[in-house]
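Participant: sequence and predicted structure below; questions after.
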Amino acid sequence: MTQTDRDAENGRDREKEQRGVKRPVVPAAVPEPLQEQIQANFIVVIHPGSKSLRMGRATDTLPITVPQVIVRRHKQPGQRRYEDQCLLREGLNAADSNEQRQNGLKMVDQVIWSKKMSNGVRRTPVSAEQARLYNRQIRPAVLDPNSKVKWTNTTHQPEYLVGEEALYVNPADCYSIHWPVCRGHLNIHSGPGGSLTAALADLETIWSHALQKLLEIPLKDLKYYRCILLIPDICNRQHVKEVVNMLLVKMGFSAVVVHQESVCVTFGSGLSSACVVDVGDQKTSVCCVEDGVSHRSSRLCLAYGGSDVTRCFFWLMQRAGFPYRECQLSSKLDCMLLQQLKESFCHLDQDISGLQDHEFRTRFPDSPVLLYQLRLGDEKLQAPMALFYPAAFGIVGQKMTSLLHRSQGDAEDPHDEHFLLTTQSKQDQSSKATTDRKLFPKPAGFEGESNMCEPSEKGNLTQDLDLGHAQAECLIGGADAEETSSALLSRKTAMTQFEGKALGVDKAILHSIDSCASDETKRKMYSCILVVGGGLLFLGAQEFLQHRVLHKMPPSFRRLVENVDVITRPKDMDPRVIAWKGGAVLACLDTTQELWIHQREWQRFGVRMLRERAAFVW
C-alpha cells in the first residue's frame, strides 16, 4: 500500500467518524503471560503411611519405599531407652481382652466350618492337638553358625539413623526409636518424642534423608522442585497444616498440592468411580469416589490393619506350639519375622484344608541361621479373617471406627466451613421466607411467627448436622439440593450408630456405599470395589470379599447390580503403590495447575490457601 492509499483510507475513516460511524477499536496487543512450563521430573510425590514412606519423582515408574522410622541418640548418659511399638498397642491388656479375642475366634471358626469348599465337600477336621504335639518337639537346625547380618555401626555416634539402618540398631546402644506416623495421623503421645514438634522434626529428617540419599536431590535445590502430598480422607487438619508448612517453609519446596489418597487411588488405577478400600498396616479406610470426588458421608476409618493380623497370627501360632519360643512382640526384629511369616503362610482360600508342614529361617545379628519346621492348620485362614471379625484382635476400650466430623475450626481461617455453613443456612432461611411471603401472604399479627423453632434449637440442629452437608452439597453438587435437613440428619444418625464399634471390612464397605445419596451412585460402587494397600494381600482375598459383599448387600440392589466386581490388582500393579502412582498421574494433569499452593502464598495467607486451592472441601 502506497502512502497515497494510506492517506485516502485515513480520510475515509475521518469521514465515517464525522457521520457517526464508529471505527472498530482494536485492542492493544497484550502479550499473554508466559505459562510456566512445569516439568514432571521436578515434581516429588510423597505418600506417607503409618509404616512405610513412598516417595519419588512424578516421572519415576515406581517410588522408593523405606520404613518411616528414625532412631535418635540419647542426649544424656543413662537416659532411659524409649521405643514406639510395632505390633503392641493400647487396649490389648484390658480385663476382658482375652475373652473378646476368644469370642471373635469362635465366630471365625463357625464361618469356616459352615462354608463348604468349591467342590461341595466339607472341610477336613483339623486336630489342633496333633499340630501342637508336633510343633512342641521341634528343635531348630543350625544352617550357618554366622548369619552375616550385622547391627548398624554406631561407633561414630551419629545423632540419628533412618529407615533400614534404624531397624538394625542394637538395643544395647543408646538410641530411642520413633515412628512419627501412627494410624494415619502424626504419632502424638505422652512419652518421649511424642509432641507435635518432635513428630514433625522426625518426619522432616526422614523425608530429607530420602530426598538426599535415595532420590539424590540436594536440599538446597528444593526451591526448584514442587511436591504432591497424599493425605488420608479422614485426616487431622491441624496435622496436615503443619506438614504443609514444613514442606514449604522449613524444607523449601516452591509449591505443594495436597490431595486425598482415595481419589489418587482411582487416578492410579484408571477408574472414574469406585468404592476404595485401603487396607494399610495400622488403619483401614473405606470411601466412595465418583468422578474425582470423594463423597464425604461415605468415609470411614477403621483403627486396625495388617499389623493387627500379624499379631493375631502370632497368638494363633503360639496356641499351636510355635517352635521359635523366644519370639517377643516387643522385639522389632521378631516383629519383622512375624510379618514375613504372615505374608508367606496366611490365605483366604477356603479350599486349602487340613494340616500342612512349613519351614522358616531366623537370621538375626550375632546369631546363627536357624531352620525351624512348623505344622499349621486353620490358623493361616483364621488370622486374615479377623479383618472381617475384628473382635478377634482383642482390642478393648479403643475407638475402632471413625467417621468424618466437622472440623473445630482454625483461628487463621475465618471463612472456614463453620462460616460457610452459617451463611448458607441464613441464605436458605432468607430465600425460603421470601418465597413464603410471595406464595402464602400471612394475616396481620403473624409476622413474628415465621420461624417455627427457637434460635437455640436451630443452633443445636446445626451442631447435630455432621460434616457441614450444606457446604459440601453447595460446592460439589454431591446431593439433591432439595434434600431436607431431616433426611441428612437421619442418614448421619444411621452412620453414627456404628461409630466406635469394631466393624468388619465387609460391613464397612456396605455402610459406606449405603451412605451415598442416589441409587445410581450405589449401583456404581457395588459394581467396582477397589482394594489397595498391603494389608489384604492374601491368596483368595478377591473371591472371599466378593462373596461376603454379594451375600450381605441389600436384596433390592441384587436386581440392579449385574456383578459385584472386587479388584485387588488394578492393571496388575502392586496395590501398595497405586495411590502413589495416582499422585504421579495428578502431577501431569492440566487441571492440576490450578491447585498449586506456592511458598509465597502460604507465607502470606497460611491455611486459607488449602481451602481455596484444595480439590476437595477442606
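Facilitator: Received it, and whenever you're ready, just let me know what you need. As the structure is a prediction and not an experimental result, all values here were calculated from the model. Numbering: from 1, shown residues only.
Participant: run through this protein and note the low-pLDDT ranges.
Facilitator: Under the criterion of pLDDT under 70, the regions of the chain flagged as low confidence span 1-37, 417, 425, 428, 432-500.
Participant: would you point out which residue is most central in it?
Facilitator: In the chain, the centroid-proximal residue (C-alpha atoms, centre = their mean) is P232; its distance is 3.7 Å.
Participant: my read: that residue touches V258, true?
Facilitator: No: under the contact definition of C-beta atoms under 8 Å, P232 does not touch V258, with a separation of 11.4 Å. The way it works is simple: take the backbone N, C-alpha and C, and place the C-beta from them, glycine included.
Participant: for the stretch 251-400 of the chain, just list every one of the helices.
Facilitator: Assigned by DSSP state H, counting those that start in this stretch, the stretch 251-400 of the chain shows helices spanning 261-269, 306-319, 332-345, 379-385.
Participant: show me what contacts the residue nearest to the residue nearest to the centre of the chain when sequence neighbours are not counted?
Facilitator: The shortest distance from P232 to any residue that is not its chain neighbour, by C-beta to C-beta, 6 or more residues apart in numbering, is 4.4 Å, and that residue is G184. With contacts defined as C-beta atoms under 8 Å, 6 or more residues apart in numbering, G184 is in contact with S50, P232, I234, C235, G280, Q282, K283, S285, C301.
Participant: which of those residues sits closest to L215?
Facilitator: For those, the residue nearest L215 by C-beta to C-beta is S50; the value is 21.6 Å.
Participant: was I right to think the closest one contacts Q282?
Facilitator: Yes: contact criterion C-beta under 8 Å: S50 and Q282 qualify, at 4.1 Å.
Participant: overlap in contacts of these two?
Facilitator: C182, R183, G184, G305.
Participant: of those residues, which belong to strands?
Facilitator: Among the shared contacts of S50 and Q282, the residues falling in strands (DSSP state E) are C182.
Participant: same list (the shared contacts of S50 and Q282) but as TSV, adding distance to K342.
Facilitator: Written out in TSV, the entries for these read as follows (distance: C-beta to C-beta, whole Å):
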residue	distance to K342
C182	20
R183	19
G184	21
G305	12
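Participant: ChimeraX command for the buried members of the shared contacts of S50 and Q282?
Facilitator: Those of the shared contacts of S50 and Q282 that meet the burial criterion (16 or more other C-beta atoms under 10 Å) are gathered into one ChimeraX selection, given here:
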select :182,183,184,305
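Participant: picking up where we left off before, in strands, which of the contacts of G184 fall?
Facilitator: Checked against DSSP E, those include these in strands: S285, C301.
Participant: now the strands for the stretch 51-200 of the chain?
Facilitator: Across the stretch 51-200 of the chain, reading from the start of the chain, the strands by DSSP state E, counting those that start in this stretch fall at 52-57, 64-67, 70-73, 141-144, 160-162, 175-178, 181-182, 185-186.
Participant: P555: which of those is closest?
Facilitator: strand 185-186 (38.3 Å).
Participant: how many residues are close by P125?
Facilitator: 11 (other C-beta atoms under 10 Å).
Participant: for the stretch 351-500 of the chain, which segments count as strands?
Facilitator: Taking DSSP E, counting those that start in this stretch, the strands of the stretch 351-500 of the chain run over residues 356-362, 369-376, 401-403.
Participant: single out the most deeply packed of the ones you listed.
Facilitator: Among those, judged by mean count of other C-beta atoms under 10 Å, the one packed with the most neighbours on average is strand 401-403 (a mean of 20).
Participant: off-centre distance for that one?
Facilitator: The chain centroid and the centroid of strand 401-403 are separated by 13 Å under C-alpha atoms, centre = their mean, to the nearest Å.
Participant: so what secondary structure elements neighbour it?
Facilitator: For strand 401-403, the helices and strands in contact under the criterion 3 or more C-beta pairs under 8 Å, 6 or more residues apart in numbering; DSSP states H and E are strand 300-302.
Participant: got the buried residues for the strand it packs on?
Facilitator: Within strand 300-302, judged by 16+ other C-beta under 10 Å, the buried ones are L300, C301, L302.
Participant: closest to T61 among those residues?
Facilitator: Set against T61, the nearest of the buried residues of strand 300-302 by C-beta to C-beta is C301 (30.2 Å).
Participant: that closest one and A386: what is the separation?
Facilitator: C301 sits 18 Å away from A386, going by C-beta to C-beta, to the nearest Å.
Participant: same deal with L316?
Facilitator: Distance, L316 to A386, using C-beta to C-beta: 9 Å.
Participant: so those two - more neighbours on which side?
Facilitator: A386 (26 against 23).
Participant: ok, the more buried one touching G394?
Facilitator: No: with contacts defined as C-beta under 8 Å, A386 does not count as touching G394, sitting 9.5 Å away.
Participant: shared neighbours of the two, anything?
Facilitator: By the contact definition C-beta under 8 Å, 6+ apart, A386 and G394 are jointly contacted by G104.
Participant: check the shared contacts of S50 and Q282 and tell me the two furthest apart.
Facilitator: Pairwise distances among the shared contacts of S50 and Q282 were taken by C-beta to C-beta; the largest, 11.2 Å, belongs to C182 and G305.
Participant: who touches both of these two?
Facilitator: Shared contacts of C182 and G305 (C-beta under 8 Å, 6+ apart): S50, Q282.
Participant: if we can go back for a sec, closest one of the contacts of G184 to R523?
Facilitator: Taking the contacts of G184 together and measuring to R523 by C-beta to C-beta, the closest member is S285, at 22.2 Å.
Participant: got the contact list for the closest one?
Facilitator: Neighbouring residues of S285 by C-beta under 8 Å, 6+ apart: 184, 232-234, 261-262, 276-278, 299-302.
Participant: ok, it to T152 distance?
Facilitator: As it turns out, when the distance is counted by C-beta to C-beta, S285 lies 33 Å from T152.
Participant: now swap in F345 and tell me
Facilitator: Computed as C-beta to C-beta, the F345 to T152 distance reads 29 Å.
Participant: P365 too?
Facilitator: P365 sits at a distance of 9 Å from T152 (criterion: C-beta to C-beta).
Participant: over to R613?
Facilitator: When distance is defined by C-beta to C-beta, R613 is 41 Å away from T152.
Participant: out of the two, which sits in the busier spot?
Facilitator: Between R613 and T152, counted using other C-beta under 10 Å, R613 has the larger neighbour count: 20 against 17.
Participant: which residues touch that one?
Facilitator: R613 touches V257, E594, L595, W596, I597, counting by C-beta under 8 Å, 6+ apart.
Participant: now the fourth one. Nearest residue, chain neighbours left out?
Facilitator: For W596, the nearest residue in space outside its immediate sequence neighbours is A255; the separation is 4.3 Å by C-beta to C-beta, 6+ apart.
Participant: residues contacting that neighbour?
Facilitator: By C-beta under 8 Å, 6+ apart, the contact list for A255 reads R226, C227, L248, W596, I597, H598, Q599.
Participant: what's around the first one, how many residues?
Facilitator: What that stands for is R226. Neighbour count for R226, taken as other C-beta under 10 Å: 25.
Participant: and of the contacts of R613, the nearest to E326?
Facilitator: The shortest approach to E326 among those belongs to V257, at 47.8 Å (C-beta to C-beta).
Participant: pull the contacting residues for the closest one.
Facilitator: Applying C-beta under 8 Å, 6+ apart, the residues contacting V257 are R226, C227, I228, L229, L586, A587, T592, L595, W596, I597, R613.
Participant: and if you look at H239?
Facilitator: Counting by C-beta under 8 Å, 6+ apart, H239 touches H185, L186, L196.
Participant: now do the buried residues in stretch 75-88.
Facilitator: Using 16+ other C-beta under 10 Å as the burial criterion, the residues of stretch 75-88 that qualify are E83, D84, C86, L87.
Participant: export the residues you listed as JSON lines, with columns for distance to K522.
Facilitator: What follows is the buried residues of stretch 75-88, written out as JSON lines (distance: C-beta to C-beta, whole Å):
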{"residue": "E83", "distance to K522": "45"}
{"residue": "D84", "distance to K522": "40"}
{"residue": "C86", "distance to K522": "38"}
{"residue": "L87", "distance to K522": "37"}
